[in-house]
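>>> Just to be clear, the model below is a prediction. Sequence and coordinates:
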Amino acid sequence: MKILGISGGRKYGNNDSMCKEALIAAKEMGAEVEFINLLDLDIKHCIGCTACVNSLMTGKGNMCVLKDDFDWLLDKMLDADGIIFANPIFCKGAPSMFLAIRDRFGPRMDRGNNVTANKIAKETGGKTPDPRILKDKVISYIGIGGSDWVTRFQCDSAIQALTPMWKVIDNEVFPWSTGIIVDKDKVARIHEIGWNLAKAAQDITNASYKGEEGVCTHCHSRNFFLDRESTHAICCMCGIEGDVKIVDGKVRFEFPQEQLKHAHDTLSGKLIHAEDIGKTIATSIELKKSDDYKQSIEKYKNFITATKPAR
Ligand SMILES: Cc1cc2nc3c(=O)[nH]c(=O)nc-3n(C[C@H](O)[C@H](O)[C@H](O)COP(=O)(O)O)c2cc1C
């Protein structure tokens with residue numbers, strides 16, 4: 001069993017140390033452990049070219065045009081049975097280095113896209129994506145902050161697992177925690193998170209979420225997109241639509257069972273989303289042929305050019 005720890009914090013800082021605490025617990029459970037600090041890597045941000053998904057959907061395999069350390073990191077992640085991310089909380093959410101990785105997972109690592117790409121490759125004799133992409137995996141997220149500005153962190157984190165459909169075991173924030181390494185209770189909780197992850201990695205099929213129950217009973221998120229005029233609410237994490245209610249003085253999110261098949265962390269939800277995207281792309285390909293579209297593009301192109309620093 002391999003457990004990979006990834007820290008997005010400063011060298012020998014809070015996140016490095018707590019990521020290692022979780023790895024100590026995993027090692028005690030018999031895991032082979034490896035540690036990576038994101039500051040050692042060159043990870044470029046996604047440029048939105050969609051070459052990855054075009055390659056996947058035309059039987060050419062899974063690729064990215066950017067040349068940096070992302071594929072090295074991805075290889076390490078795909079080799080592990082379980083991953084623990086420890087990230088500093090920046091601006092209430094996950095730091096941009098982690099978000100760059102999350103975006104780079106994007107369409108390229110989406111479980112639905114890879115299931116479809118496998119079928120296409122088999123039908124056309126094309127290149128099948130790396131089989132490790134469709135392997136189940138467990139993952140936990142730790143966020144360490146210097147204050148109580150932490151409200152987006154868990155949602156930012158879990159969306160990364162949603163793409164490849166990896167199982168989230170713990171997803172916890174530690175506010176007011178710049179001195180965490182000497183806080184015995186918090187260190188013990190992080191040790192438990194490492195233990196939970198290693199235990200889950202031993203039996204991924206039956207592994208389940210071990211963290212605090214959230215408001216969304218499907219994905220445990222506490223972040224919602226609320227409607228001003230009604231009780232309608234959308235879970236910011238899994239996308240399930242329902243209603244927020246106050247029951248016995250407590251906030252409850254209720255949704256029809258039918259919504260589960262649309263959840264963004266399920267294969268059915270992913271395939272529905274891919275079909276919707278496919279229709280939008282087909283419509284925009286047609287639109288781009290129209291004179292109206294061509295004239296509009298020219299208008300904006302000719303209005304102003306982007307100012308760039310001299311190199
Ligand atoms: C750019 C920046 C933004 C930050 N924003 C937040 C924040 O919104 N909420 C919070 O609790 N802490 C915030 N912090 C504090 C860091 O999360 C905290 O110092 C973290 O534990 C540092 O981790 P490290 O020691 O592993 O580098 C911020 C720090 C920086 C540098």
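Cool, the structure landed.
>>> if I pick Arg152, what's in contact with it?
With contacts defined as C-beta atoms under 8 Å, 6 or more residues apart in numbering, the neighbours of Arg152 are 92-94, 223. All C-beta atoms are positioned from the backbone trio N, CA, C, and that covers glycine.
>>> rerun that using 6 Å as the cut-off
Contact partners of Arg152, counting by C-beta atoms under 6 Å, 6 or more residues apart in numbering, are 92-93.
>>> would you say His264 is within a strand?
No. His264: not assigned to a strand; according to DSSP: H, G, I helix; E, B strand; the rest coil it is coil.
>>> so it touches Ile240, yeah?
No. Using C-beta atoms under 6 Å, His264 makes no contact with Ile240, being 8.4 Å away.
>>> Give me the more crowded residue out of the two.
More crowded of His264 and Ile240, by other C-beta atoms under 10 Å: Ile240, with 25 against 19.
>>> and that one, backbone torsions?
With angles defined as degrees, to the nearest 10, Ile240 sits at phi -70, psi 140.
>>> Could you check the pLDDT of the closest residue to it other than its chain neighbours?
Spatially, and ignoring its direct neighbours in sequence, Ile240 is nearest to Gln259 (4.8 Å; C-beta to C-beta, 6 or more residues apart in numbering). Note for Gln259: predicted pLDDT of 98.
>>> Check the secondary structure at Gln259 for me.
Put simply, Gln259 is helix when judged by three-state DSSP.
>>> How about Phe225?
Under three-state DSSP, Phe225 comes out as strand.
>>> count of neighbours near the residue nearest to Ile240?
Neighbours of Gln259 using other C-beta under 10 Å come to 16.
>>> With Ile272 instead?
Ile272 sits with 16 neighbouring residues when counted by other C-beta under 10 Å.
>>> What distance do you get for it to Asp103?
22 Å (C-beta to C-beta, to the nearest Å).
>>> before we move on, what about Val244?
Counting by C-beta to C-beta, the gap from Val244 to Asp103 is 29 Å.
>>> Asp136 too?
Distance from Asp136 to Asp103, by C-beta to C-beta: 23 Å.
>>> The two: which has the busier surroundings?
Counted by other C-beta under 10 Å, Asp136 and Asp103 do not tie: Asp103 has more neighbours, with 18 against 13.
>>> what's the closest non-adjacent residue to the more buried one?
Per C-beta to C-beta, 6+ apart, closest to Asp103 is Cys46, 4.1 Å.
>>> State the helix or strand in which that neighbour lies.
Using DSSP states H and E, Cys46 is not contained in any helix or strand.
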